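Participant: Any chance you could fold what I've pasted below:
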Amino acid sequence: MKLNRNIGLLVAAIASIGTGAAVATAAETTTPAAAATAAPARGGEHHRHGRHAGMLVGLTLRATKQLNLTAEQQASIKSILSSARTQQKAAMAAAQGGPVDVTALGNPGDPNYAAALQSAKTLAANRIQHQSELQAQIYNVLTPEQKTQLPTVLAGMKAKAAQRRAAWLQKHAEGTTGAG
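Facilitator: Residues are numbered from 1 along each chain as shown. Purely as a prediction, here's the structure:
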């Protein structure tokens, strides 16, 4: 019995090595042009606003997608975001290693915990302040008509999010009620 299990494990290991080599070979033979034009899988798709922008800016950017921005407005927003990204990279380089001692922050018994916690709070407050300023710059790109449409768009986004959350809760509540 033990021998069959070991042989099965050996076969699985060899198969995975062969599959890994085939995948690596396929990846090496894919041309850069083909790789650039290949669409990402749905599960691996990332929304650009979520990677670099914070919650405030990301929310505003998602809302602006529904406001029929002109090409000039879109270019202006991209410029604002690019400038902010450059400033953020410069700030991160200046704070190399970070001012927060994560070792102390993760241990409330550490003598430096209070200082690390205060440093983390200051960084969070600065990040929120920066995001709100960036959000205001994006808002100022909008026309008066778009600014009046924004609350309606945001309310629609909120309703859709509530609907998705309710569906998720219902789905997961059904899964837990029968598993007793």
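Participant: Where does the prediction get shaky in the chain?
Facilitator: Low-confidence segments of the chain (pLDDT under 70): 1-53, 95-99, 175-180.
Participant: Start from the N-terminal end of it and give the helices.
Facilitator: Here the chain has its helices, by DSSP state H, at 2-29, 32-37, 48-52, 55-64, 71-94, 102-105, 113-141, 144-177.
Participant: highest average neighbour count across the ones you listed?
Facilitator: Mean neighbour count (mean count of other CB atoms under 10 Å) peaks for helix 55-64 among these, with a mean of 18. All C-beta atoms are positioned from the backbone trio N, CA, C, and that covers glycine.
Participant: Taking helix 144-177 as reference, get the angle to that helix.
Facilitator: 110 degrees (axes from the mean of the first three to the mean of the last three CA atoms, to 10 degrees).
Participant: Now do helix 55-64 against helix 113-141, angle only.
Facilitator: For helix 55-64 against helix 113-141, the angle by the same axes, to 10 degrees is 20 degrees.
Participant: Show me what helix 55-64 is packed against.
Facilitator: Packing contacts for helix 55-64, counted by 3 or more CB pairs under 8 Å, 6 or more residues apart in numbering; DSSP states H and E, involve helix 48-52, helix 71-94, helix 113-141, helix 144-177.
Participant: who touches it?
Facilitator: By CB atoms under 8 Å, 6 or more residues apart in numbering, the list of residues contacting helix 55-64 from outside reads 49-50, 53, 77, 81, 128, 131-132, 134-135, 138-139, 142, 146, 150, 153-154, 157.
Participant: Repeat that for stretch 129-137.
Facilitator: Counting by CB under 8 Å, 6+ apart, 53, 54, 55, 56, 57, 60, 80, 81, 84, 88 sit against stretch 129-137.
Participant: and if you look at stretch 106-125?
Facilitator: 99, 100, 101, 102, 103, 104, 105.
Participant: For it, list the C-alpha coordinates in CSV.
Facilitator: The C-alpha coordinates for stretch 106-125 follow below in CSV (Å, rounded to 0.1, in the frame of the first residue of the first chain):
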residue,chain,number,x,y,z
GLY,A,106,3.5,44.7,15.8
ASN,A,107,4.3,44.2,19.5
PRO,A,108,2.3,46.4,22.0
GLY,A,109,4.7,45.4,24.7
ASP,A,110,7.7,46.9,22.9
PRO,A,111,9.0,50.1,24.6
ASN,A,112,9.0,51.9,21.1
TYR,A,113,5.3,50.9,20.4
ALA,A,114,3.9,54.3,21.2
ALA,A,115,6.3,56.1,18.9
ALA,A,116,5.7,53.6,16.1
LEU,A,117,2.0,53.9,16.5
GLN,A,118,2.1,57.7,16.4
SER,A,119,4.3,57.5,13.3
ALA,A,120,1.8,55.1,11.6
LYS,A,121,-1.0,57.5,12.5
THR,A,122,0.8,60.5,11.1
LEU,A,123,1.6,58.6,7.9
ALA,A,124,-2.1,57.6,7.5
ALA,A,125,-3.3,61.1,8.1
